[in-house]
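**Q** Sequence and computational prediction follow.
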Amino acid sequence: MRIDVVSLFPEEVDRCTAFGVTGRARERGLLQLHGWNPRDYADGNYRKTDDRTFGGGPGMVMLVEPLRRCLAAVREADPAPVHVVYLSPQGRRLDQKRVRELAAMPRLVLLCGRYEGVDERLVQAEVDEELSIGDYVLSGGELAAAIVVDTVARLQDGALNDAGSAEQDSFEDGLLDCPHYSHPVEHAYGVVPAVLRSGNHAAIARWRRQQALVRTWQRRPDLLEGRELSKADRKLLQEGLAALER
Ligand SMILES: NC(=O)c1ccc(NC2CCCC2)nc1
């Protein structure tokens, strides 16, 4: 998968995705990340990329033309069709379902705004999708872009050592993740649940599913709204909640 990042600070996304699973995916060529700076496509001695907003009011807006030229160069750089994403609070909320869809694309272009944002004409003419990582305002789109890179990189084939772990992630089936434990078995903070050391894989899978259902019910009931739980899941959830009462 190729990702092109258009940003006044492309190295910010590069550095945020140079470690761990994402860094390894890049080293293995599972993900190619290219940075582009619209300042390189701006005119004049000062290579102006932004200017005052029409209509008055505070703040600056990123100019259309340097971005247009920059995006033309990005498109030109590889024959694969691009899907242009603009990171902004006005975008559709990113979730794991959309991450899986983005991860399956051959190319992504992540457009990162600064100041008050990008001239709307550029958004209308060039952007396929606006995406938000949450209802809060960042000083730039770069950290949101880094999150998109991270989420799609780990889903590339070969990125995670045991491929199964992507499926067992939180949200993979719309539920929160179960708790995890490792050594030592006994610690001042508590003991590892016996079922996890039973070697009974069916019981372990059942326990993990039950924990995920109970946690989702308790912490994120919104994820269960409008979702038809299977008979087995309903039973697991009821049993799990009853156990909390005891
Ligand atoms: N919630 C988000 O995904 C998000 C994205 C970009 C941003 N700021 C950028 C957008 C245009 C200028 C700064 N803030 C928040």
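**A** Thanks, I have the structure now.
**Q** For stretch 227-237, which outside residues touch it?
**A** Gly174, Arg206, Arg209, Gln210, Leu213, Val214, Trp217 (CB atoms under 8 Å, 6 or more residues apart in numbering). Quick note: C-beta positions are derived from backbone N, CA and C, even for glycine.
**Q** which of the residues you listed sit farthest apart?
**A** Within these, two members stand farthest from each other by CB to CB: Gly174 and Arg206, at 18.4 Å.
**Q** okay, whichever residue of the chain sits closest to the ligand: pLDDT?
**A** The chain approaches the ligand most closely through Gly113 (3.0 Å), counting by CB to the nearest ligand atom. Looking at Gly113, its pLDDT stands at 98.
**Q** Name the nearest residue to it, sequence neighbours excluded.
**A** Gly141 (4.9 Å; CB to CB, 6 or more residues apart in numbering).
**Q** Each with direction, which strands does the lengthiest strand in the chain pair with?
**A** When the chain is scanned for its longest strand (criterion: DSSP state E), the result is strand 83-93. Using DSSP bridges, strand 83-93 pairs in its sheet with strand 107-112 (parallel), strand 129-132 (parallel).
**Q** next helix or strand past the worst-scoring helix or strand of the chain on mean pLDDT?
**A** Within the chain, confidence by mean pLDDT, DSSP states H and E is lowest for helix 164-167 among all helices and strands, at a mean of 65. Proceeding N to C from helix 164-167, the next assigned helix or strand is strand 186-187, under DSSP states H and E.
**Q** Mind listing the strands the next helix or strand after that following strand pairs with, and their directions?
**A** Sequence-wise, the next helix or strand downstream of strand 186-187 (DSSP H and E) is strand 190-191. The strands that strand 190-191 pairs with in its sheet are strand 186-187 (antiparallel) (by DSSP bridges).
**Q** Please identify the nearest residue in space to Ser7, excluding sequence neighbours.
**A** Distances taken as CB to CB, 6+ apart place Cys112 nearest to Ser7, at 3.9 Å, with adjacent residues excluded.
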